[in-house]
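Engineer: Got a predicted model here, sequence first, then my questions.
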There are 2 protein chains.
Amino acid sequence: MTPERYEIICKVLRQRQPDLTVITDEVHKGRNLSAIVRTCDAVGIQEFHCVEPRKGYRAFRGTALGSHKWVDTVLHDNVVDGITHLQKQGFSIVAAHLSDKAVDFRALDYTRPTALLMGTEKEGVSPEALSLVDQEVVIPMMGMVESFNVSVACAIILTEVQRQRQAAGLYDECRLPESVYSTKLFQWCQP
Amino acid sequence: MTPERYEIICKVLRQRQPDLTVITDEVHKGRNLSAIVRTCDAVGIQEFHCVEPRKGYRAFRGTALGSHKWVDTVLHDNVVDGITHLQKQGFSIVAAHLSDKAVDFRALDYTRPTALLMGTEKEGVSPEALSLVDQEVVIPMMGMVESFNVSVACAIILTEVQRQRQAAGLYDECRLPESVYSTKLFQWCQP
Ligand SMILES: C[S@@+](CC[C@H](N)C(=O)[O-])C[C@H]1O[C@@H](n2cnc3c(N)ncnc32)[C@H](O)[C@@H]1O
Ligand SMILES: C[S@@+](CC[C@H](N)C(=O)[O-])C[C@H]1O[C@@H](n2cnc3c(N)ncnc32)[C@H](O)[C@@H]1O
């Protein structure tokens, strides 16, 4: 490993945001999950939560998620378990959802501990999940097509989260607990 | 056609932005082109420009683009032709590109006539294209992975464009020439 590479790894770890995550509600296409994990990495998310589809799509267990060395994936059997798990840790659950209750995605304060919930490709966020979330946000759409691709919607919202957190200085000092920082540093430096 | 549907079609046409477009520089994956076209529709782009990959990927000619009833695709043989075509019409060409010359994507004024140039999956924007563009913009990244998926990057930037144009009132009155409006209205109302 070159010193430059080591420096990059340290810098990225110092910008990781332990109080920010994404949880997908049965998103099943490997390429969508892959694109979501890639965006998580880009905005400093270290842990990604994934509710496994009931309908038997398990393709993403292999390549799509396995390849992501930089983001840890936590699998949940169902969305209620996943949301409860995060709420116990103090996360506010924000569903990306096209509904009348939803507010413009730029209206929320994402410097608080936030878990962004994304719905499945066809049906969107499940009613059971919606009954548990703290807020719903929507990205305004002005065309004929009614929704964005899920990985696209996720990235649009996470970029606003990143903007707010950058303005608030949340990327300026290391926010990972010392023990997590050193464990990750060790792991990432392995070839 | 229901009166509600007719109303939606009229409303979407009234929000179309003739001075906004995307041009892709040999993006070749059908699903990326598809997601880009879907996002174009969502922010009010009526005409999408696509430089065909030299390397013989033509899959998108079929399903991916053909399915897009709401956005017109203009194909170009090479990127120089595509860019020249747009510059002659008064478009400023903004390349999404990870370089030192690039400014933060939020720093530009997108209420001017703007064509957003996106690079190909592996190599990014070609050097010949870069020599012709007016500006380069970058979306800040804080992770280990060096770039976003191209359709994701396109959507992040177009959402900022949409925000600026909404604030400037550019979606408030019909901006299509009367003849284009009525032609589209007729086409879109066909089953
Ligand atoms: C393809 S959409 C699902 C569409 C589904 N028919 C519905 O109405 O919910 C997949 C997911 O992307 C997210 N999404 C797509 N477009 C969105 C928008 N404009 N605002 C907020 N979230 C969006 C939501 O999480 C949604 O569940
Ligand atoms: C997968 S990237 C290509 C990466 C290529 N290795 C490079 O360095 O250009 C495909 C396209 O997405 C866009 N893109 C991806 N990430 C971007 C970012 N952070 N800022 C601006 N554009 C980006 C650019 O148009 C790029 O050409």
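Structural biologist: Thanks, I have it. The structure displayed is predicted, hence computed values, not measured ones. Ligands and ions are numbered 1, 2, ... in the order given.
Engineer: Quick one: end-to-end distance for stretch A:161-177.
Structural biologist: One end of stretch A:161-177 to the other measures 21 Å (CA to CA, to the nearest Å).
Engineer: List the buried residues in that stretch.
Structural biologist: With burial defined by 16 or more other CB atoms under 10 Å in any protein chain shown, the residues of stretch A:161-177 counted as buried are A:161-166, A:170-171, A:175-176. To be clear about C-beta, it is placed using only N, CA and C from the backbone, and glycine gets the same treatment.
Engineer: same thing with stretch A:144-163?
Structural biologist: Under the neighbour-count criterion of 16+ other CB under 10 Å, stretch A:144-163 has A:144-145, A:147-163 buried.
Engineer: Quick check: which of those are also close to ligand 1?
Structural biologist: Near ligand 1, taking CB under 6 Å from any ligand atom as the test, the members of these found are A:147-148, A:150, A:153.
Engineer: Pick out the most distant pair among those.
Structural biologist: Spatial extent of those (CB to CB) is set by the pair A:147 and A:150 at 8.3 Å.
Engineer: Residue A:18 contacts residue A:46, correct?
Structural biologist: Yes - using CB atoms under 8 Å, residue A:18 is in contact with residue A:46, at 6.6 Å.
Engineer: where do the contact lists of these two overlap?
Structural biologist: Common contact partners of residue A:18 and residue A:46 (CB atoms under 8 Å, 6 or more residues apart in numbering or on different chains): A:176, A:180.
Engineer: At which residues are the helices of chain A located?
Structural biologist: Per DSSP state H, chain A carries helices over the ranges A:3-14, A:30-43, A:63-66, A:79-88, A:127-130, A:150-167, A:178-189.
Engineer: Residue B:188: which of those is closest?
Structural biologist: Evaluated over the helices of chain A, closeness to residue B:188 peaks at helix A:150-167, with 23.4 Å, by CB to CB.
Engineer: With ligand 2 in mind, check whether the closest one reaches it.
Structural biologist: No - using CB under 6 Å from any ligand atom, helix A:150-167 never reaches ligand 2; the gap is at least 9.9 Å.
Engineer: Please state the mean pLDDT value computed over that helix.
Structural biologist: Here helix A:150-167 scores 97 as its mean pLDDT.
Engineer: do it and chain B meet at all?
Structural biologist: Yes - using CB under 8 Å from any CB of the partner chain, we find that helix A:150-167 touches chain B at A:151-152, A:155-156, A:159, A:162-163, A:166.
Engineer: tell me which strands and helices that helix is in contact with?
Structural biologist: Using 3 or more CB pairs under 8 Å, 6 or more residues apart in numbering or on different chains; DSSP states H and E, the elements in contact with helix A:150-167 are strand A:20-25, helix A:30-43, strand A:92-96, strand A:114-118, helix B:30-43, helix B:150-167.
Engineer: what packs against the third one?
Structural biologist: If I follow you right, that is strand A:92-96. Judged by 3+ CB pairs under 8 Å, 6+ apart, the packing partners of strand A:92-96 are helix A:79-88, strand A:114-118, strand A:135-138, helix A:150-167.
Engineer: so what strands line up beside the second one?
Structural biologist: When you say that, I think you mean strand A:114-118. Based on DSSP bridges, the pairing partners of strand A:114-118 within the sheet are strand A:20-25 (parallel), strand A:92-96 (parallel).
Engineer: Just give me how far the longest one sits from the chain centre.
Structural biologist: Computed by CA atoms, centre = their mean, to the nearest Å, the separation of strand A:20-25 from the middle of its chain amounts to 4 Å.
Engineer: And ligand 1, is it touching that?
Structural biologist: No - taking CB under 6 Å from any ligand atom as the criterion, strand A:20-25 and ligand 1 are apart, separated by no less than 7.4 Å.
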